[in-house]
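Visitor: Sequence isn't available, so here's the structure alone:
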C-alpha cells in the first residue's frame, strides 16, 4: 500500500471536487482513484469523503486529513524537485493538452525523438478539441489554435502583405507589389 500516493490522491480529489476531475488531472481512471481513496479510508478506519453524483467533498475528518495531506504533498514535491535539480536530468510526468489536428500532425510524431532524448520524462498527451481548464486539469502545456472571430470589431492587429512573383523581372524596383497582385494574410 502506497500511503503517500493515496494521501496525494485524496488531496487532489478535494481540490478538484470530484474523483472524475481528479482522475483526469492525474491521468488515471475514476475507478482507480476511487479504489485508492477507499483503501486509504479502510486504512485510517474513517470516511474521508462524501461522494455523490455531483462530486466529492471532505467530511469533517476528511477536511483535517486533507490539510495534513496537502502540507505533506508540498514537502514531498519540494524534496523531489531538489533531487531532480541536483542531478540535472529531466524526469517526471509532462502533461500536454493539444488540439486533435495539431497533436496528430505535429506532437505525436515528435514524441519518439523526445522520449529517446529524455527517457525519464513520462509524456502524457491529451488530444481534444474541447475547451481545457489548463490549471484545473493539471496540464504543463496546452497548445490550441482559436478561430478568429471574423465579425467587425475594433482590433489592434496588422495585416501583412505577402507577394509572390513568378520571376524576378516582375518584381517592382521598390519591392512593393501593386495591390491586385498581393495576397493578404491575416
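Guide: Now that the structure is in, tell me what you want to look at. Remember, predicted model here, so these are calculated numbers, not experimental data.

Visitor: From residue 16, how far off is the residue nearest the centre of the chain?
Guide: By Cα atoms, centre = their mean, the chain has its centre lying nearest to residue 139, at 1.8 Å. Noted for residue 139: a distance of 13 Å to residue 16, by Cβ to Cβ, to the nearest Å. In short, each C-beta sits where N, CA and C put it, glycine included.

Visitor: Please apply the same query to residue 87.
Guide: Relative to residue 16, and taking Cβ to Cβ, residue 87 is found at 31 Å.

Visitor: again with residue 127
Guide: 21 Å.

Visitor: Looking at those two, which is more packed in?
Guide: It is residue 16, of residue 127 and residue 16, that has more neighbours when counted by other Cβ atoms under 10 Å, with 22 against 15.

Visitor: which residue packs closest to that one, ignoring adjacent ones?
Guide: Nearest non-adjacent residue to residue 16, counting by Cβ to Cβ, 6 or more residues apart in numbering: residue 22, 4.3 Å away.

Visitor: The one you found: which element?
Guide: helix 19-26 (DSSP states H and E).

Visitor: how far off helix 19-26 does the helix or strand following that helix point, in degrees?
Guide: Downstream of helix 19-26, the first helix or strand assigned by DSSP H and E is helix 30-44. In terms of direction (axes from the mean of the first three to the mean of the last three Cα atoms, to 10 degrees), helix 30-44 departs from helix 19-26 by 100 degrees.

Visitor: Can you name every helix or strand that the next helix or strand after helix 30-44 contacts?
Guide: Proceeding N to C from helix 30-44, the next assigned helix or strand is strand 49-52, under DSSP H and E. For strand 49-52, the contact count by 3 or more Cβ pairs under 8 Å, 6 or more residues apart in numbering; DSSP states H and E identifies helix 3-16, helix 30-44, strand 55-58 as packing neighbours.

Visitor: mind redoing it with 7 Å?
Guide: Packing partners of strand 49-52 (3 or more Cβ pairs under 7 Å, 6 or more residues apart in numbering; DSSP states H and E): strand 55-58.

Visitor: Next one: residue 46 from residue 17, what distance?
Guide: Residue 46 is 21 Å from residue 17, by Cβ to Cβ.

Visitor: Check residue 5 too.
Guide: Here residue 5 is placed at a distance of 20 Å from residue 17 (Cβ to Cβ).

Visitor: rewinding a little: surely the residue nearest to residue 16 meets residue 12?
Guide: Yes. Contact criterion Cβ atoms under 7 Å: residue 22 and residue 12 qualify, at 4.3 Å.

Visitor: who has more neighbours, those two?
Guide: Neighbour count, other Cβ under 10 Å: between residue 22 and residue 12, residue 22 has more, with 28 against 21.

Visitor: and the more buried one, what pLDDT?
Guide: Listed pLDDT for residue 22 reads 91.

Visitor: swap in residue 26?
Guide: pLDDT, residue 26: 87.
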